[in-house]
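Visitor: I need the structure of the sequence given here:
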Amino acid sequence: TKIKMTCLNHQKISIICVGQKSAQKWLGDACDDYLQRFSPNELQVKIFLAKPANRSNEKSNDANKQRWLKTESEKICEIIQNIKNTNKNNDTFIILLDERGKNFTTKKFSEKLQELFDLHKEIIFVIGGTDGLADELKQNANLLFRLSDFTLPHGLARLFLIEQIYRIYTLIKGHPYHRE
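Guide: Residues are numbered from 1 along each chain as shown. Below is the predicted model:
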């Protein structure tokens with residue numbers, strides 16, 4: 001089946017990650033390599049880091065976990081609001097990565113993103129922290145998306161997501177990067 005091609009015209013994708021810049025240079029370099037491949041006139045992809053809650057010297061019990069999730073959710077919401085304010089654009093679609101989210105093949109994910117690009121100027125992906133994402137964030141998201149059936153370290157999840165976005169970008173442009 002032929003994939004309907006969307007015209008990319010200054011679309012934006014923001015990826016919000018709970019975490020810090022990777023200590024592994026190779027991982028940061030790999031993410032940067034993919035990010036530099038996008039034409040900013042067609043698709044701008046930016047990474048925003050939300051500082052994780054301070055977990056030092058505290059036991060991982062339900063009360064602490066809920067407090068940490070609330071702290072991280074507040075930071076994520078603040079970044080989302082800043083993105084909307086900066087772009088003077090409330091026309092965003094928010095996708096949270098979650099192990100219980102909808103699973104897509106690359107082709108189906110490409111079709112979904114193209115559909116979203118036709119309807120929204122900006123798509124925001126959110127990758128949670130060590131304890132995941134707060135239920136309130138999940139309830140307010142437009143889509144819960146499962147990146148993989150595997151449990152991935154956060155840095156690799158970030159790289160994997162960026163690579164899949166790049167793969168879809170090349171599919172939309174008719175570039176031979178993706179092979180079936």
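Visitor: how close does the spatially most distant residue from the centre of the chain sit to residue 141?
Guide: Of all residues in the chain, residue 57 has its C-alpha farthest from the mean position, at 30.0 Å, by CA atoms, centre = their mean. Distance of residue 57 to residue 141, given as CB to CB, to the nearest Å: 32 Å. All C-beta atoms are positioned from the backbone trio N, CA, C, and that covers glycine.
Visitor: Identify the residues contacting residue 112.
Guide: residue 104 (CB atoms under 8 Å, 6 or more residues apart in numbering).
Visitor: switch to 6 Å and redo it
Guide: With contacts defined as CB atoms under 6 Å, 6 or more residues apart in numbering, residue 112 has no neighbours.
Visitor: quick one: which helix or strand includes it?
Guide: helix 106-119 (DSSP states H and E).
Visitor: How far off centre is that helix?
Guide: 14 Å (CA atoms, centre = their mean, to the nearest Å).
Visitor: Within the sheet, what are the partner strands of the following helix or strand past it, with directions?
Guide: Later in the chain than helix 106-119, the nearest helix or strand by DSSP H and E is strand 122-127. According to DSSP bridges, strand 122-127 forms sheet pairs with strand 11-18 (parallel), strand 92-103 (parallel).
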